[in-house]
Structure formats: C-alpha cells, structure tokens
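[1] Show me the folded form of this:
(one chain, ligands or ions: 2)
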Amino acid sequence: MAGYWQRIQQQGQQLLKRTFDRHLRLAVTGLSRSGKTAFITSLVNQLLEGTHSQQLPFFEVIQDDRLLGVRRVQQPHPEVASFRYDLALQSLSGDQPEWPEPTKGLSEIRLALRFLPATGLSSWLAEPVTLLLDIVDYPGEWLLDLPMLEQSFASWSEQQWALLNQAPRLELASDWLNRVAALDFNEATDDQLIRELAEQYTTLIQRFRVELGLHFLQPGRFLLPGEMKGAPILNFFPIPVTSQDKKTSDSLLAELTRRYDSYCEQVVKRFYKEHFAQVDRQIVLADCLQPLNAGPGSFNDLQLALEQIAESFSYGKSSFLTRLFSPKIDRLLFVATKADHVTPDQHGHLVGLLAELVQGIKRHVRFDGITVESMALASIRATQAGFCDYQGKQIPAIEGYQLTDRSLLTLFPGEVPGSPPKADYWQKKPFQFVEFFPPAKQLNQPLPHIRMDQALDFLLGDKLQ
Ligand SMILES: Nc1nc2c(ncn2[C@@H]2O[C@H](COP(=O)(O)OP(=O)(O)OP(=O)(O)O)[C@@H](O)[C@H]2O)c(=O)[nH]1
Ligand SMILES: [Mg+2]
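    Ligands and ions are numbered 1, 2, ... in the order given. Below is the predicted model of the structure:
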C-alpha cells in the first residue's frame, strides 16, 4: 500500500512539474527584410489553423493527433509592442494580397498550446497540458552592437573611422569625414553641432544599407531606433584617432565619450539583460538570395554580419555575456528564408551555403552545449515549382506573380552555390532574384509554406512530448 501511495505521489509531482514546466520563449531575429514578420505570421498561422496532418507532415504532435487546440492569450509584457498578427494576416488576405509592412522594433505575441503528452503517465493522469509560447521579434541589427560593449569610445572610433575611409564606404562618406576631421575635439562641447553631425552620420549609414547593400553597420539603433528616435543618447559618431589626446570634462571629446558610454550601458547592455536573457530558443533568419543577386560586396558583408550576430550565442564560461547574465538558449536555428525563390533542386545548395556561412560559429556554439540546426524554408510560399521547356529540354522552374506588375512569370532563377562563391561566380551574373506577390490567403486554409513543419518540430517538438 505504501508503495502505491509513493507511486501516486511521484506521478503527481511529475504532473505538477510538467504543468509548470510548460513555458517557452522563442526569439526571431535577422537583418532588415530577412523575413521575420513573414516567419512569425506563418508560424502563428500554422499553429492556429494548420491542424491537418498534410499541412504539417513533419510536426510530430500534429501527426500523432495530440494537439488539442491553440489560442492567442494576453502577452506577458504590457510595455512591449504587440506583434501585429491580425494586421499581417489582413494584408495577406483579399483579392490583392500584399506582404506585411516592415517593422521597426521589438514586439511579442503569446499563444497557449493545449496538447496530450506523448508517453509516460498512466491514462487517468495523462491529462491535457498547456504550453505557453511567447514569440518575440527583434531586429538583428541590435545584435551587431555587441562588440561595442567591449570597446572604448576610442577603440570603436578607430575601427569605424578606418572602415569609413575604405571602399565601398569612402565614396559616400568623404564629405562627412572631411567635416569631422576639421574639428578640434578639445574645444568646448556644442550640442547643436553634435546633433547635426550625428544626424548626418545616421543618414550616411542608412545610405550604406540602401545604396551599397551593407549590413555590418554600427550603432544598430541608429538604423532602427524604435522608441529612442531623436533621443540625445543616439547623438554621437566616430572621430579620428588623432583628435583623442587631451580630454577636459566640457570638451566635445568628453561629451561624445559620455554619450557612447551611456549608449553601451543603457541601450545595448539593457537589451541583453532585459530581453536576450529571457530567451530559451533563438531563430536567426538570413536572406542569402538577395545578396547573391546584388554582388560580392553585399554577400561578403552578409557573411560578416552573420558572424557578428552569431557572436551573441557563442558564450562560453568566460564570455562577456555570461559575465553579464546567465544566457539560457538551448536551441539555435539558422534559416535561409524565401526558399520559394529557387527551384526545389537548389534547396540543398541553399542550406549548404547558409551552413558554411555560419560554420565557424556553429562549431564554437555546439561546444557550449547549444543544439544548432540550419534549414532552408519559405514562410509563405509565393511560387509554384514545376518544369518548363527550354531549348527542347524540360528544366526545373518556378512560377509566380511578379511584384513589379503582377504579371505571371515562369523562370529558372539560377544555381545557388553550395558554399560562399569565388570570384569567377560573380563574373557570370548567375542568379536572378525576382520578387513575387504573396498568395491570397484562403479562408480557413493555413498559409502555404515550405518546411515550416520541420522548423516547428525542431523548435517545439520536445516541449510537446
Ligand atoms: N517569396 C517569399 N518572399 C518572402 C518570404 N518571406 C519574406 N519575403 C519577402 O521579404 C520581404 C521582407 O519580409 P518581412 O517578413 O517583412 O521581413 P522582416 O525581416 O520582418 O523585415 P523588417 O520588418 O523590415 O525588418 C517581404 O516583403 C517579402 O517580399 C517568403 O517566405 N517567400
Ligand atoms: Mg518585420
């Protein structure tokens, strides 16, 4: 009898642990236009509407028919912007669907997933369990600021000043560089002057992004200030090394140093402490196709930016982040987005390319006990794959409505290199990236996708056991 009660007690404790253990915070990041909003919209939509097994064949909980229901519930942080799922879905619906609007800062959404556990408990105890799932969207540009935490204003300035003085940045930057180089930074500080030069510097890095397709741009909040737009904490800029000798407390140099230090402390560090520290699992999205189209400068810069982003996950015992707080991310998913832009035979190459871009980091991160995976997927599939006739031969092709004029286009966009391309690849102009309209969302039909089920299984599968 005692054994019986002990068993019941153990099972009860196990159940209690299960019920309270069901909370997961997923963070989705990636550089601007990498597909974060589309990914979260699709993920939420698949969970809310994709309950048919043929829609999500690799999502075990659906295949086992154990997912009882999913609903949206109140988000955990009222001070954080809500992820606008309804708005995104609305723009994808109707006769003339549009891609959701670009977003600018951090937002979150919470879902409650009610499911039957897979195994373990006797049937009378195997009651439905609820998993609270928080999904957070934040710009990858913010992670590019991490190295600043270990740099002084002087060393950051030195690095940025050198970058600004090189191609491809130099051409756009030369007027601004001349203006700053002519200043005496030991002169008394001048708020107006600082604001003006900081605004010009912000415009400059925005132009680097738009006109040169560059990604590795600091400080990240200058590009995506969120609620800090116009605040003095965002008014500073790099200066030449030679001007950094004397420092009195009311000099321009002293003021810029103070602002840089406050930016690191109150913006960068705060983001890591308040948001990053809470994340259980992280998805990093990358659009590798647009840079393939844009050329080697843009592609190399994507690689650099991805390396920098991934630095935030490669924390060992002695790392700066570990000293700052205790990061708890246990799974990391790198995703090559927009896979519907290439024919299915190229998907393997696309994953290979992404995997190589993040390979150095992966080895490092795995060493630190995080499970890492790379995938190519389409959050919202905008094309149909098939074949077309080319010079009497059948070749793979995709078909969709072009974003420029809504005309139907069938094409073979080209080969995706399976690893970062060498110089000769670029000479052939091998890849043609065409933007397509999204498909019209059908009522009660989940959004069409490629491999969202595999992503869901990797991210949630073990928590739905
Ligand atoms: N064909 C296709 N295009 C996609 C897909 N996902 C995103 N896109 C395209 O990429 C663009 C950017 O996607 P978003 O989801 O807005 O990207 P984001 O990372 O949220 O962008 P920001 O909010 O500006 O940082 C969209 O407007 C689409 O043109 C996809 O799965 N398939
Ligand atoms: Mg967005």
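
[2] What are the buried residues along the helix ranked longest in the chain?
    With secondary structure taken from DSSP state H, the chain has its longest helix at helix 191-212. Of the residues in helix 191-212, 194, 197-198, 201-202, 204-205, 208-209, 212 count as buried by neighbour count, 16 or more other C-beta atoms under 10 Å. In short, each C-beta sits where N, CA and C put it, glycine included.

[3] Farthest pair within those residues?
    194 and 212 (25.6 Å; C-beta to C-beta).

[4] what number of residues lie near the closest residue to residue 440 other than its chain neighbours?
    If you skip the residues right next to it in sequence, residue 440 has residue 97 as its closest partner in space, 4.7 Å away by C-beta to C-beta, 6 or more residues apart in numbering. The burial metric for residue 97, expressed as a neighbour count using other C-beta atoms under 10 Å, is 17.

[5] ok, residue 97 touching residue 437?
    Yes: the criterion here is C-beta atoms under 8 Å, and residue 97 meets it with residue 437 at 6.6 Å.

[6] Okay, now the unreliable bits of the stretch 51-200 of the chain?
    Using pLDDT under 70 as the threshold, the predicted model of the stretch 51-200 of the chain has low-confidence ranges 119-125.

[7] Contact residues of it facing ligand 1?
    99-100, 102-103, 139 (C-beta under 6 Å from any ligand atom).

[8] So among those, which ones count as buried?
    Using 16+ other C-beta under 10 Å as the burial test, these include 99-100, 103, 139 as buried.

[9] For the stretch 301-450 of the chain, what lies in contact range of ligand 1?
    When proximity is defined by C-beta under 6 Å from any ligand atom, the stretch 301-450 of the chain lies next to ligand 1 at 337-338, 340-341, 378-380, 382, 435-436.

[10] could you dump those residues to a markdown table with secondary structure?
    Shown next, in a markdown table, are those (DSSP: H, G, I helix; E, B strand; the rest coil):
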| residue | secondary structure |
| --- | --- |
| 337 | coil |
| 338 | coil |
| 340 | helix |
| 341 | helix |
| 378 | strand |
| 379 | coil |
| 380 | coil |
| 382 | coil |
| 435 | coil |
| 436 | strand |
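
[11] Provide a complete list of residue ranges assigned to helices in the stretch 251-400 of the chain.
    252-262, 270-274, 289-294, 296-311, 320-324, 347-357, 359-367 (DSSP state H, counting those that start in this stretch).

[12] could these go into CSV alongside mean pLDDT and distance to residue 77?
    Shown next, in CSV, are these (pLDDT from 0 to 100; distance: least, C-beta to C-beta, whole Å):
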stretch, mean pLDDT, distance to residue 77
helix 252-262, 95, 24
helix 270-274, 92, 9
helix 289-294, 89, 32
helix 296-311, 86, 23
helix 320-324, 78, 20
helix 347-357, 94, 31
helix 359-367, 60, 27
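
[13] Within range of ligand 2, give me the residues from this protein.
    Residues of the chain lying close to ligand 2 by C-beta under 5 Å from the ion are 36-37, 103.

[14] Filter the residues of the stretch 301-450 of the chain next to ligand 1 down to the buried ones.
    For those, a neighbour count by 16+ other C-beta under 10 Å gives the buried set as 337-338, 340-341, 378-380, 382, 436.

[15] what's the closest of the residues you listed to residue 323?
    The nearest one, if we look at these relative to residue 323 and count by C-beta to C-beta, is residue 337, at 33.1 Å.

[16] how near is the closest one to residue 192?
    In this structure, residue 337 and residue 192 are 43 Å apart, going by C-beta to C-beta, to the nearest Å.

[17] ditto for residue 348
    With distances taken as C-beta to C-beta, residue 348 is found 56 Å from residue 192.

[18] again with residue 448
    The span separating residue 448 from residue 192 equals 54 Å under the rule C-beta to C-beta.

[19] Equivalent analysis for residue 228, please.
    With distances taken as C-beta to C-beta, residue 228 is found 20 Å from residue 192.

[20] Likewise for residue 311?
    Plainly put, residue 311 is 36 Å away from residue 192 if you go by C-beta to C-beta.

[21] all strands for the protein, in order.
    Taking DSSP state E as the test, the strands found in the chain are 23-30, 67-73, 81-82, 107-115, 129-137, 281-286, 331-336, 371-376, 384-390, 393-401, 408-411.

[22] Please work out which of these is packed deepest.
    Per-stretch averages of neighbours, counted by mean count of other C-beta atoms under 10 Å, single out strand 281-286 among the strands of the chain, with a mean of 25.

[23] hmm, that strand in reach of ligand 1?
    No: contact between strand 281-286 and ligand 1 is absent, the nearest approach being 6.6 Å (criterion: C-beta under 6 Å from any ligand atom).

[24] For that strand, give me every contacting residue.
    By C-beta atoms under 8 Å, 6 or more residues apart in numbering, the surrounding residues in contact with strand 281-286 are 24-31, 34-36, 39, 140, 302, 306, 309-310, 313, 329-337, 354, 357, 455, 459.

[25] Centre of the chain to that strand, how far?
    Averaging C-alpha positions (C-alpha atoms, centre = their mean, to the nearest Å) puts strand 281-286 5 Å from its chain's average.

[26] CA-only coordinates of that strand, as PDB, when you get a sec.
    Once side chains and other backbone atoms are set aside, the C-alpha atoms of strand 281-286 remain, and they are given as PDB (Å, rounded to 0.1, in the frame of the first residue of the first chain):
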ATOM      1  CA  ARG A 281      15.300  29.400 -28.200                       C
ATOM      2  CA  GLN A 282      16.500  31.600 -31.000                       C
ATOM      3  CA  ILE A 283      15.900  31.700 -34.700                       C
ATOM      4  CA  VAL A 284      18.200  33.700 -36.900                       C
ATOM      5  CA  LEU A 285      16.900  34.400 -40.400                       C
ATOM      6  CA  ALA A 286      19.000  35.200 -43.400                       C
END
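
[27] Tell me what angle it forms with strand 129-137.
    Computed with axes from the mean of the first three to the mean of the last three C-alpha atoms, to 10 degrees, the direction of strand 281-286 lies at 40 degrees from that of strand 129-137.

[28] quick one: contacts for residue 157?
    Shown here is residue 157, whose contacts under the criterion C-beta under 8 Å, 6+ apart are 238-241, 244.

[29] okay, now the domains of this structure?
    Following automatic domain parsing, one finds the domains of the chain at 18-138+279-382+440-464, 150-273.

[30] Burial-wise, tell me which of the ones you listed comes out on top.
    domain 18-138+279-382+440-464 (a mean of 18).

[31] Of the buried residues of helix 191-212, just say which sits nearest to residue 290.
    Using C-beta to C-beta, the shortest approach to residue 290 within those belongs to residue 209, at 12.3 Å.

[32] what sits against the residue nearest to the closest one when sequence neighbours are not counted?
    For residue 209, the nearest residue in space outside its immediate sequence neighbours is residue 217; the separation is 6.1 Å by C-beta to C-beta, 6+ apart. Neighbour list for residue 217: 141, 144, 205, 208-209, 223 [criterion: C-beta under 8 Å, 6+ apart].

[33] Using a markdown table, lay out those residues together with distance to residue 133.
    Written out in a markdown table, the entries for the contacts of residue 217 read as follows (distance: C-beta to C-beta, whole Å):
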| residue | distance to residue 133 |
| --- | --- |
| 141 | 25 |
| 144 | 27 |
| 205 | 35 |
| 208 | 37 |
| 209 | 32 |
| 223 | 29 |
